[in-house]
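>>> could you look at this predicted model? Sequence included:
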Amino acid sequence: MHVPPLEKLIQLVNIFNVSLDYLVMDQPMDESPIRNEVLFKRFKLLEFFDD
């Protein structure tokens, strides 16, 4: 499994305006904390990529 460097995770946290816990924990939230829905949909597509 690929683990991105911490610097990249921090960039994603800032881009998506979410917490690091939200990015790295495998727990869905009741509602999306991401305000930009286009970015959120693109982020969700990453789940389908192979390692």
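That came in fine, so what should we check first?
>>> looking at the protein, which helix is longest?
helix 6-16 (DSSP state H).
>>> what about it, distance to the chain center?
8 Å (CA atoms, centre = their mean, to the nearest Å).
>>> which outside residues touch it?
Pro4, Ser19, Leu20, Leu23, Val24, Ile34, Asn36, Leu39, Phe40, Phe43 (CB atoms under 8 Å, 6 or more residues apart in numbering). (Glycine included, C-beta is placed from N, CA and C.)
>>> next up, the contacts around the third one.
Contacts for Leu20 were tallied using CB under 8 Å, 6+ apart; they are Leu9, Ile10, Val13.
>>> one more time with 10 Å
Leu6, Leu9, Ile10, Leu12, Val13 (CB atoms under 10 Å, 6 or more residues apart in numbering).
>>> swap in the fifth one?
Val24 makes contacts with Val3, Pro4, Leu9, Leu12, Val13, as judged by CB under 10 Å, 6+ apart.
>>> for this structure, what helix or strand is lowest in average pLDDT?
The helix or strand of the chain with the poorest confidence is helix 37-45; it has a mean of 79 (mean pLDDT, DSSP states H and E).
>>> for that helix, C-alpha coordinates in PDB please.
The C-alpha coordinates for helix 37-45 follow below in PDB (Å, rounded to 0.1, in the frame of the first residue of the first chain):
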ATOM      1  CA  GLU A  37     -18.100  19.400  -4.100                       C
ATOM      2  CA  VAL A  38     -16.100  19.100  -7.300                       C
ATOM      3  CA  LEU A  39     -12.900  18.600  -5.300                       C
ATOM      4  CA  PHE A  40     -14.700  16.200  -3.000                       C
ATOM      5  CA  LYS A  41     -15.900  14.000  -6.000                       C
ATOM      6  CA  ARG A  42     -12.400  14.000  -7.400                       C
ATOM      7  CA  PHE A  43     -11.000  13.000  -4.000                       C
ATOM      8  CA  LYS A  44     -13.500  10.200  -3.700                       C
ATOM      9  CA  LEU A  45     -12.400   8.800  -7.100                       C
END
